[in-house]
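1. Next input, structure requested:
(3 chains)
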Amino acid sequence: MYRILQILFVALCLLISAHVVGSRAADDLGVLVDQLGAAKLSDMDDRIAALAKTGDAKVIPVLEALGEGELYQRKSDGKVFLVKAGGADLQLVDPVTGADAGATPKAAMQKVKVNNAVRRAVRSALGGLTLFSEDTGARLKAAQSMLQTPNADALEAIETAIAAEKDGSVRKVLVEARAVTLLVSDRPDDQKRQAIALLAEGNGRNGLAVLTSALATADVSLKPDIEAAIARIEQTQAFWSAGQNVWYGLSLGSVLLLAAIGLAITFGVMGIINMAHGEMVMLGAYTTFLVQEVVRNSYPELFDWSLAIALPLAFLVTGAVGLAIERGVIRFLYGRPLETLLATWGISLILQQSVRSIFGPTNREVGNPSWMSGAFDLGGLTITWNRLWIIVFALAVFAALLFLLKRTSMGLKMRAVTQNRRMASSMGIRTPWVDALTFALGSGIAGMAGVALSQIDNVSPNLGQGYIIDSFMVVVFGGVGNLWGTLVGAFSLGILNKFLEPYAGAVLGKILVLVLIILFIQKKPRGLFALKGRAVEA
Amino acid sequence: MITSFLMRSFDRSILIAVAILVGLAMLVPALNLLTAPDHPLHVPTYLVSLFGKYLTYALLALALDLVWGFCGILSLGHAAFFALGGYAMGMYLMRQIGARGSYGNPLLPDFMVFLNWKELPWFWHGFDMFWFAALMVVLVPGLLAFVFGWFAFRSRVNGVYLSIITQAMTYALLLAFFRNDMGFGGNNGLTDFKDILGFNIQADGTRAALFAASALMLALCLILSSAIVRSKYGKVLVAVRDAESRTRFLGYRVEHIKLFAFTVSAMMAGIAGALYVPQVGIINPGEFEPGNSIEVVIWTAVGGRGTLIGPIVGAILVNGGKSIFTAAFPEFWLFALGGLFVLVTLFLPKGVVGTAGAYLARRRAQRKAQADQMPDNLAAEPMAAE
Amino acid sequence: MTIKASLTGAFLAAVLSTTALNAAFAADDTIKVGILHSLSGTMAISETTLKDAMLMLIDEQNKKGGLLGKKLEAVVVDPASDWPLFAEKARELVSVDKVSAVFGCWTSVSRKSVLPVFEELNSILFYPVQYEGEESQRNVFYTGAAPNQQAIPAVDYLMANESVERWVLAGTDYVYPRTTNKILEAYLISKGVKPEDIMINYTPFGHSDWQTIVSDIKKFGSAGKKTAVVSTINGDANVPFYKELANQGVKAEDIPVVAFSVGEEELAGLDTGPLVGHLAAWNYFQSVDTPANAEFIKTWKAYTKNDKRVTNDPMEAHYIGFNMWLKAVEKAGTTDTDAVLDAMIGVSVPNLSGGYSTMMPNHHITKPVLIGEIQGDGQFETVWETPGLVVGDEWSDYLPDSKDLISDWRAPMSCGNFNVATGKCGGKGS
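-> Residues are numbered from 1 along each chain as shown, chains lettered A, B, ... in the order given. Here you go, the predicted model:
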């Protein structure tokens, strides 16, 4: 009951204060906003603080626009406007009234300069202003900015907000923000001690940062507490960092798996040393680029679906290219595996140069759909969405492929032809057709891998080159002709690499992995999961 | 006895090739140095170093052919041996610069000075002496090949697996040499050489001499390879290529046979690298690039695998083509090169020399058949064994 | 045998005839300009643009009537990102095609590879890319930035405006980042930064898995002091690096990244929305608001027939270098190398950022230094600019062995590594 009253009281206060100054503020606000336009970058801090101090809700869109770089000054009279992006002309919106102020050519306007310092000031000012917003998302953002930029003045506001907050996740951040802010304030030591204890429980980096800087200035009596808390957080982080390495390893492994899985078909199952495999991945990535181009220009609302559209298309495009390569070149080379190496190397040069001629040599932009951007925290781990989806996708492709090979009649024929071509032919299987389809399947899967890899890597004509050697290593390490081997090989190489990297560095880590592969092959000359039986000698 | 050895070791084609090489070694420097620049027969220095470079490539391809064409080991790491030989020579050339570097440090190469190295790393000692560097040119690649081959062949790693781990080897070396902490100049490698054995490396005379040395070394290695291939050991080598298990069951130690060929081949590649570096004036980790090793395989395949002349012709053809195309059609030459590889594997599986040889042999047999009025003749075996 | 002999014979003849053909053309009434940029291989991504830019500049000049009453003719070759091939092609350009000057190279190693060729054949190379310094050669003009024209002002800016106290120096493991980081480390320590507040990290070329390093950066940045990343990460590795930064939520307001190798061209492959505020230091941005730049951009877009093509700093370097060469040739009245080398020093031409760049006696040029923040549209916005022009310093003052060296290619001294302590040319002058 008491709490509700308190909320009401605070809300009332805010309303009244906004109203009382209301009439006068409209002019003042206009002046203050116009001052933003004239200010030097170094003065912006004070101007923003002055705006924030008005406490007026109208300030919020102005500050947001400033942070986004959508605030422009009219060159003729120095008036500052919000600007909505539009064709050649700029659509102006009056910052105070929110009314439409017509369109003006770009040349007549000058953008209000923003830099990181300004954006920081905007962020913390907005944090104070939106702490009591209706929107949960805005409150969460405000709480997070309070957490990142602790400001002793905001302590009381945070405490009021905590009391008012009903949403659990926002509240959690607010409590942490309060603890962080407490440490930089001049509150009594026992409150600070509580805050330190609270921060020690968490594992956040923000806590660590605040504690470390507090250590230098804190009271002697507090120092042991702070040191203990720091040690505690570092311990938790060390624990999580092992988990982090496993996660990074899995993620790297999934990339390797995606890159290698098509090769596991063309090279592992069919025995073609397919040097053009990387280019199939690249073609898949360019298909994604093209799909996104079309979506961006014609159906922008479908952007989040662009990858889903690109997947089957990439499969078809690269599958068709694979089919053409098999029919045109490789079918003449069966039984001469080493010569497929030469021919496919030539093909890879041609494909690379074709893409370079058509799309140009520079990187092409492939965007992340919203569901693949950003990260979330799981315990002490930061897990990025795109990596998570790539792991899921790699496993899904693997499962689908396994199903296709082991559970369908097409798969049965593929295995039959690769194990004993003549026998399969006598049984009435059209071996040339099966060969062509198998190669097309391997290429198509490489193309689908390209869709996924376009999310984390460059889309350039050189894309495939970066993966070809790693892919061969994975397939050979896992055991040629064994899909499970490719899976285990990819993930173990990924995790091994990520555990070596912190100690040996990225370069040496990679060298060590290669040396280990060489040594491993000495021990098991046919890889992790060697095929047994007669097929081996063939 | 020596004559009989020689007779056994060469057929006519090898003798002619050696004669051509020796002839070139004398003629080209003479035409370069003794004729006036506007003389119609004058060979410009530009062409001398260009062809000198091709000859070292030819030697590298010959080395690869010895293991691939005759022993069936497809090494995708031969450029590594080439580069190691090159680095050994490069280190000698760096030490020869002495105090003439930008910083005038008598001991340390420039790249060590500005990265604040205080003393010469241990593995740089001794490279101020030519004989030591020359020894290292063959020893380092030879030793690496020996150790690598020792493990690989004993574990019976073969076929594609061997190819891929040789590729892993060259890739690991590539990354290692890229590291600046290794003390080999990182990505920039070794460059800015001044002189070799006291001669200015940029002088026309030195270039001509290096060309002659390359030609003679190629001739020498051709003789050596031919002797190896035509000896009893060479027959076993081919047996290993064609039926490894059968040869093993006959009582031969297959791994020793392979190891010998692999090591000799790596040494030859090292020599090629050592001759290459002073002619192009730079050695850097790019030479370890796995793509380079694949290119060597392609030269050999284009020329004709399993013939000794083939790789030489292939290396000169492909690289000559590359030189011309990169200037004539800079935007499209990769299409030509890629197309060449596809067409050669499809239509000339025995390579240029192998196919031409087979064609000649067939014609000779036909003519002989006509002369002898023999109704059926067994066409002479094409010299390229598939 | 005979086949082989005739084959090589035919081939030799072919090579000779092409060279003879080329030589015949050389006698024509044109002045030839060589363009030595990779059009295939790993560096094509950056260098192809420069080839196009040079072709455009030459085209424009011909429209204005050429040079010395003759038309200019571009000779384009493809060194294919292969360093020894750079040397071979340079030799071909100079000795077969007889070009008067060569504009080319991107990586340091390609420049190192062709240096002896230009020295031996006495020709001229214009090198347009920012580099590590520690070099000054008689036949080379360095129109890109030396470390003091890029790295040091950037660090100054971060210290002054963002009060950064903790530094991550992240780079690709090759000579430019190594040297730049050595210089920066010495500089930072001279400014009172503690060694434990500097983290140096190197990655291989084309590194694509940045998870560990980005999380290390976050960890290093949580020590309670303002942290910034100085990135000398090269080319292809940048896109995955920035993607990882964006996804792991490293915001420019918290840990700004200032890059020396990321320009408009690199950003074209990225959604820059999440990267707003990260910085780059260059001597030119496409967004620079001057009439000369607007004209340049317009010509470029028209020439490439692509409205989305961007311009970048090395293109401006070629623009400056090319105009300097034109002016020097006009001044000398000939394309003869020695005369042009003499005429070049002191030549001053307008740059695209509204001022004049001058060729200094050390073969480096004067430039303004701009710090820009990445914007949502893939452009940079200048947030700071050096008050005047900065002279390229080839021998860094922050490396112990090079601080005594200077370079002056004017007549009496004519030395690229003059030691002011010993008063002798040639390093230590011993």
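2. Quick check: B:Leu337 vs C:Pro368, distance?
-> For B:Leu337, the distance to C:Pro368 (CB to CB, to the nearest Å) stands at 44 Å. (Glycine included, C-beta is placed from N, CA and C.)
3. I'd like the mean pLDDT over the host helix or strand of A:Leu311, please.
-> Assignment of secondary structure by DSSP states H and E places A:Leu311 within helix A:306-328. Mean pLDDT, computed over helix A:306-328, is 95.
4. buried ones in it?
-> Buried residues in helix A:306-328, counted by 16 or more other CB atoms under 10 Å in any protein chain shown: A:306-307, A:309-311, A:313-315, A:317-319, A:321-323, A:325-326.
5. cool, stretch C:156-164 as well?
-> Under 16+ other CB under 10 Å, the buried positions of stretch C:156-164 are C:Asp156, C:Tyr157, C:Leu158, C:Met159, C:Asn161, C:Glu162, C:Val164.
6. export these to TSV and tack on secondary structure, pLDDT and distance to B:Ala212?
-> Shown next, in TSV, are the buried residues of stretch C:156-164 (DSSP: H, G, I helix; E, B strand; the rest coil; pLDDT from 0 to 100; distance: CB to CB, whole Å):
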residue	secondary structure	pLDDT	distance to B:Ala212
C:Asp156	helix	93	57
C:Tyr157	helix	93	58
C:Leu158	helix	93	58
C:Met159	helix	92	60
C:Asn161	helix	87	64
C:Glu162	coil	86	63
C:Val164	coil	92	60
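7. Which members of these additionally contact chain A?
-> C:Asn161, C:Glu162 (CB under 8 Å from any CB of the partner chain).
8. Check what contacts stretch A:391-410 and list those residues.
-> Residues from elsewhere that reach stretch A:391-410 (CB atoms under 8 Å, 6 or more residues apart in numbering or on different chains): A:250-251, A:254-255, A:257-258, A:261, A:265, A:411, A:414-415, A:437, A:441, A:445, A:448-449, A:452, A:483, A:487.
9. Which members of those residues additionally contact chain C?
-> Answer for these near chain C (CB under 8 Å from any CB): A:Ser251, A:Val255.
10. Can you tell me which of the contacts of stretch A:391-410 end up in helices?
-> A:250-251, A:254-255, A:257-258, A:261, A:411, A:414-415, A:437, A:441, A:445, A:448-449, A:452, A:483, A:487 (DSSP state H).
11. Can you find the residue of the stretch 51-200 of chain C that comes nearest to chain A?
-> C:Asp173 (5.8 Å; CB to the nearest CB).
12. mind listing what that residue touches?
-> Taking CB under 8 Å, 6+ apart as the test, what C:Asp173 contacts is A:Val507, B:Phe178, B:Arg179, B:Asn180, B:Gly186, B:Asn187, C:Tyr202, C:Thr203, C:Pro204, C:Phe205.
13. Tabulate these in CSV, adding columns for pLDDT.
-> As requested, the contacts of C:Asp173 are exported to CSV (pLDDT from 0 to 100):
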residue, pLDDT
A:Val507, 84
B:Phe178, 88
B:Arg179, 86
B:Asn180, 84
B:Gly186, 87
B:Asn187, 86
C:Tyr202, 89
C:Thr203, 87
C:Pro204, 84
C:Phe205, 81
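14. now those as TSV including secondary structure?
-> As requested, those are exported to TSV (DSSP: H, G, I helix; E, B strand; the rest coil):
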residue	secondary structure
A:Val507	helix
B:Phe178	helix
B:Arg179	coil
B:Asn180	helix
B:Gly186	helix
B:Asn187	helix
C:Tyr202	strand
C:Thr203	strand
C:Pro204	coil
C:Phe205	coil
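15. filter those residues to the buried ones?
-> A:Val507, B:Phe178, B:Arg179, B:Asn180, B:Gly186, B:Asn187, C:Tyr202, C:Thr203, C:Pro204, C:Phe205.
16. Give the closest residue to the last one in space, chain neighbours not counted.
-> What it means is C:Phe205. Counting by CB to CB, 6 or more residues apart in numbering or on different chains, C:Thr172 is the residue found nearest to C:Phe205 once chain neighbours are left out, at 5.9 Å.
17. so what's the closest residue to chain C within the stretch 251-386 of chain B scoring on pLDDT?
-> At 3.7 Å from chain C, B:Pro330 is the closest residue in the stretch 251-386 of chain B, using CB to the nearest CB. As predicted, B:Pro330 sits at a pLDDT of 83.
18. dump the residue contacts of it.
-> Neighbouring residues of B:Pro330 by CB under 8 Å, 6+ apart: C:Leu39, C:Val76, C:Val77, C:Asp78.
19. which one is the first one nearest to, not counting chain neighbours?
-> In this structure, C:Leu39 finds its nearest non-sequential neighbour in C:Asp78, 4.3 Å apart by CB to CB, 6+ apart.
20. Quick check: that neighbour vs C:Phe205, distance?
-> 21 Å.
21. repeat for A:Glu134
-> 51 Å.
22. Name the strands paired with the one helix or strand C:Gly34 maps to and say parallel or antiparallel.
-> Using DSSP H and E, C:Gly34 falls within strand C:30-36. With DSSP bridges as the test, strand C:30-36 is paired with strand C:71-77 (parallel), strand C:101-104 (parallel).
23. Of these, flag the one that's most buried.
-> Across these, averaging neighbours per residue (mean count of other CB atoms under 10 Å in any protein chain shown) puts strand C:101-104 on top, at a mean of 28.
24. what ranges do the helices span in the stretch 401-538 of chain A?
-> A:409-419, A:421-426, A:431-453, A:465-478, A:483-523 (DSSP state H, counting those that start in this stretch).
25. What are the buried residues along the shortest one?
-> Read it as helix A:421-426. A:Arg421, A:Ala424.
26. as a whole number, average confidence for that helix?
-> On average, helix A:421-426 scores 88.
27. What helices and strands are in contact with it?
-> Judged by 3 or more CB pairs under 8 Å, 6 or more residues apart in numbering or on different chains; DSSP states H and E, helix A:421-426 is in contact with helix A:409-419, helix A:431-453.
28. Report the distance from the last one to the chain centre.
-> In this view, helix A:431-453 has its centroid 27 Å away from the chain centroid, taken as CA atoms, centre = their mean, to the nearest Å.
29. helices and strands around it, which ones?
-> With 3+ CB pairs under 8 Å, 6+ apart as the test, helix A:431-453 has helix A:223-263, helix A:277-298, helix A:306-328, helix A:385-407, helix A:409-419, helix A:421-426 packed against it.
30. Just the element for B:Gly320, please.
-> Assigned by DSSP H and E, B:Gly320 falls in helix B:309-328.
31. Just confirm yes or no for that helix near chain C.
-> Yes - using CB under 8 Å from any CB, helix B:309-328 comes into contact with chain C via B:Ile309, B:Ile312, B:Val313, B:Ile316, B:Leu317, B:Gly320, B:Ser323, B:Ile324, B:Thr326, B:Ala327, B:Ala328.
32. before we move on, what SS does the residue lying closest to the fourth one once chain neighbours are set aside have?
-> The shortest distance from B:Ile316 to any residue that is not its chain neighbour, by CB to CB, 6+ apart, is 4.9 Å, and that residue is B:Tyr54. Using three-state DSSP as the criterion, the local structure at B:Tyr54 reads helix.
33. cool, and C:Thr422?
-> When classified by three-state DSSP, C:Thr422 comes out as coil.
34. and it, how many residues sit next to it?
-> Applying other CB atoms under 10 Å in any protein chain shown, we find 14 other residues in the vicinity of C:Thr422.
35. what's the answer for B:Gly198, then?
-> 8.
36. mind checking the backbone torsions on it?
-> Recorded main-chain torsions at B:Gly198 are phi 90, psi -10, according to degrees, to the nearest 10.
37. OK, contacts around it?
-> Neighbours of B:Gly198 in contact, by CB under 8 Å, 6+ apart: none.
38. quick one: it and C:Thr143, what's the gap?
-> 38 Å.
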